[in-house]
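1. The amino acid sequence is not available; the structure is as follows:
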Ligand SMILES: [Zn+2]
């Protein structure tokens, strides 16, 4: 499970798609015009959200095993 975000390039305002995992790992992404954008996970929120989604994923796959059709 992953989530995409739209952010604006601080240099040129171009729309850039980043993944939650990119933010939690504080990767540097590039906009369409080649500007480097350093992603900052302020307060570790992205990391927390990622963990929450991983847990949710686990719960859902557990449910999938519970219900056999
Ligand atoms: Zn740019």
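-> Yep, it's here. None of these values were measured; they are calculated from a predicted model.
2. doesn't residue 22 make contact with residue 30?
-> No - Residue 30 is beyond contact range of residue 22, at 11.3 Å (criterion: C-beta atoms under 8 Å). For glycine as for every other residue, the C-beta is placed from the backbone atoms N, C-alpha and C.
3. Who has more neighbours out of these two?
-> residue 22 (20 against 12; other C-beta atoms under 10 Å).
4. what does the chain have sitting close to the ion?
-> The chain comes close to the ion at residues 9, 11-12, 14, 31, 33, 35, as judged by C-beta under 5 Å from the ion.
5. Next step: those residues restricted to helices.
-> Judged by DSSP state H, those include no members of helices.
6. Show me the shaky parts of the chain.
-> 1, 68-69 (pLDDT under 70).
7. residue nearest the centroid of it?
-> Closest to where the C-alpha atoms of the chain average out (C-alpha atoms, centre = their mean) is residue 20, at 0.7 Å.
8. Could I get the phi/psi values of it?
-> phi -50, psi -40 (degrees, to the nearest 10).
9. That one contacts residue 48, correct?
-> No - counting by C-beta under 8 Å, residue 20 stays clear of residue 48, with 10.5 Å between them.
10. Go through the lengthiest helix in the chain and flag the buried ones.
-> Identified as the longest helix of the chain according to DSSP H is helix 45-66. Under the neighbour-count criterion of 16 or more other C-beta atoms under 10 Å, helix 45-66 has 46-47, 50 buried.
11. with the residues you listed in mind, which one is nearest to the ion?
-> residue 46 (21.0 Å; C-beta to the ion).
12. got the contact list for the closest one?
-> 20, 23-24 (C-beta atoms under 8 Å, 6 or more residues apart in numbering).
13. which among those gets closest to the ion?
-> In terms of C-beta to the ion, no member of the contacts of residue 46 lies closer to the ion than residue 23, at 17.4 Å.
14. helices or strands up against the helix or strand encompassing that closest one?
-> Assigned by DSSP states H and E, residue 23 falls within helix 20-24. Where contact means 3 or more C-beta pairs under 8 Å, 6 or more residues apart in numbering; DSSP states H and E, helix 20-24 is packed against strand 4-8, helix 45-66.
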